Each structure stands twice: as structure tokens, then as C-alpha cells.
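Q: my questions are about this predicted structure, shown below with the sequence.
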Amino acid sequence: MSDTPRPAARPRLAVKLLDERLRDYLPGYATDGSAGMDLRALLEAPLTLAPGQCELVRTGLAIHIADPGLAGLILPRSGLGHKHGIVLGNLVGLIDSDYQGELMISVWNRGQAPFTLEPFERLAQYVLVPVVQAELELVDDFDASRRGAGGFGSSGRH
Ligand SMILES: O=c1ccn([C@H]2C[C@H](O)[C@@H](COP(=O)(O)OP(=O)(O)OP(=O)(O)O)O2)c(=O)[nH]1
Ligand SMILES: [Mg+2]
């Protein structure tokens, strides 16, 4: 028997290609255990971002998640972020389950040197995550908890 757990059934997401060139570049999981699928830059020409510059970049993909129990996250790629300072202008992109528009990536060069993005380069990753929607219930007092209202380091450093 293998130690590898059997993968759970994968939700199926409806995807529209907004540009035919994307057909050759459909996102997928690089390995069995990958958490994210890489998203590519739909650019007509290389795009050079000066230090501090932030641009909205097309992906050419629309994904309708449909299930309110799921959401998409757009996250930076570690290599681009750490080595080149290429991260997201909104830090994290949150994709609502009812969003049907094109996935857009806010690309921010937080580094010190210009960086050139090439057409169809993988520049961010899309992660599907479970979501729980809550009902807010107004109360006058909470049941006591050990932490109470202590925050921002109230439990000490070590
Ligand atoms: O990096 C991102 C972030 C968001 N979106 C899309 C999907 C998301 O469902 C929608 C709205 O995002 P959000 O709610 O974060 O932005 P907002 O500024 O609150 O806009 P809205 O008033 O449309 O909710 O924009 C992207 O394509 N890329
Ligand atoms: Mg919003």
C-alpha cells in the first residue's frame, strides 16, 4: 500500500478563454501536490516595470467558481517576489465565487531595478480555497474567554 493519500475529487471550474492564444497555455498544477496553478501574462509586447511601478495585467482567462463555499486567491510567485521584487499591487487578489470577468493581476515592482515581463510569462498563481460565509448576530456582551480583548503582542514575545 502506498503512503500517498488518495487525492480528493477536484471541483470542476468553468473557464472561458478570452484570447485564443491562451489555449496553448491553460493553467494547471505543476505537480500532484501543487497548491496553485500559475497564471500567465497576456501581453502584446514585453512590459518593463520601473522600480515602484504597478500595472494591471490581463490573464485572458475568466473563471466562474459559482460555489459560494469556494474562493480564488491570486498570490505572488516566490521566485519573482524574492529575487526580483515582483509582487502584487493589492498584495493578495481575492476572487469572489460569483465573479465572471477576466482575472486581472496587479503587478508591482517593489524592487530597486527595472524588470521586464515577457508575454505569456508565468507571473502569479491561482489558489482555490474553501470559504465559510457567516451571519453576524449583534450581542451586548461576549462569553468570557482567556484572551479577552488582549492583542498585538499581549501574550509576550517568547
Ligand atoms: O487581483 C485581483 C483581485 C480581484 N479581481 C476581481 C475578482 C474579484 O471578485 C473582483 C472584486 O475584487 P475585490 O472585491 O477584492 O475588489 P473591490 O475593490 O472590493 O471591488 P468590488 O467593488 O467590485 O467588489 O475583482 C481580480 O481579477 N484580480
Ligand atoms: Mg469587493
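A: Here it is on my side, so go on. Ligands and ions are numbered 1, 2, ... in the order given.

Q: for the protein, which strand is longest?
A: strand 54-64 (DSSP state E).

Q: ok now it, how far from the chain's centre?
A: What separates the centre of strand 54-64 from the centre of its chain is 11 Å, taken as Cα atoms, centre = their mean, to the nearest Å.

Q: try stretch 23-30
A: Using Cα atoms, centre = their mean, the offset of stretch 23-30 from its chain centre is 16 Å.

Q: format the CA atom coordinates belonging to it as PDB.
A: Coordinates of each C-alpha in stretch 23-30 appear next as PDB, following Å, rounded to 0.1, in the frame of the first residue of the first chain:
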ATOM      1  CA  ARG A  23      -5.400  27.600 -25.500                       C
ATOM      2  CA  ASP A  24      -1.700  26.600 -25.500                       C
ATOM      3  CA  TYR A  25      -1.200  27.900 -22.000                       C
ATOM      4  CA  LEU A  26      -4.100  26.700 -19.900                       C
ATOM      5  CA  PRO A  27      -3.100  26.800 -16.200                       C
ATOM      6  CA  GLY A  28      -2.600  23.500 -14.400                       C
ATOM      7  CA  TYR A  29      -0.900  22.000 -11.400                       C
ATOM      8  CA  ALA A  30       2.800  21.500 -11.900                       C
END
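
Q: any idea of the mean pLDDT in it?
A: Stretch 23-30 shows a mean pLDDT of 95.

Q: so which bits of it are buried?
A: Buried residues in stretch 23-30, counted by 16 or more other Cβ atoms under 10 Å: Tyr25, Pro27. Quick note: C-beta positions are derived from backbone N, CA and C, even for glycine.

Q: hmm, back to that, report all helices and strands that the longest strand of the chain contacts.
A: Strand 54-64 sits against strand 14-17, strand 37-40, strand 47-49, strand 102-109, with contacts defined as 3 or more Cβ pairs under 8 Å, 6 or more residues apart in numbering; DSSP states H and E.

Q: among the ones you listed, which is nearest Leu61?
A: Each of the helices and strands packed on strand 54-64 was scored for nearness to Leu61 using Cβ to Cβ, and the closest is strand 102-109 (5.2 Å).

Q: next SSE after the closest one?
A: Counting by DSSP states H and E, the next helix or strand C-terminal to strand 102-109 is strand 115-117.

Q: now name the helix or strand holding the most centrally placed residue in the chain.
A: In the chain, the centroid-proximal residue (Cα atoms, centre = their mean) is Ile74; its distance is 1.2 Å. In the assignment (DSSP H and E), Ile74 maps to strand 70-76.
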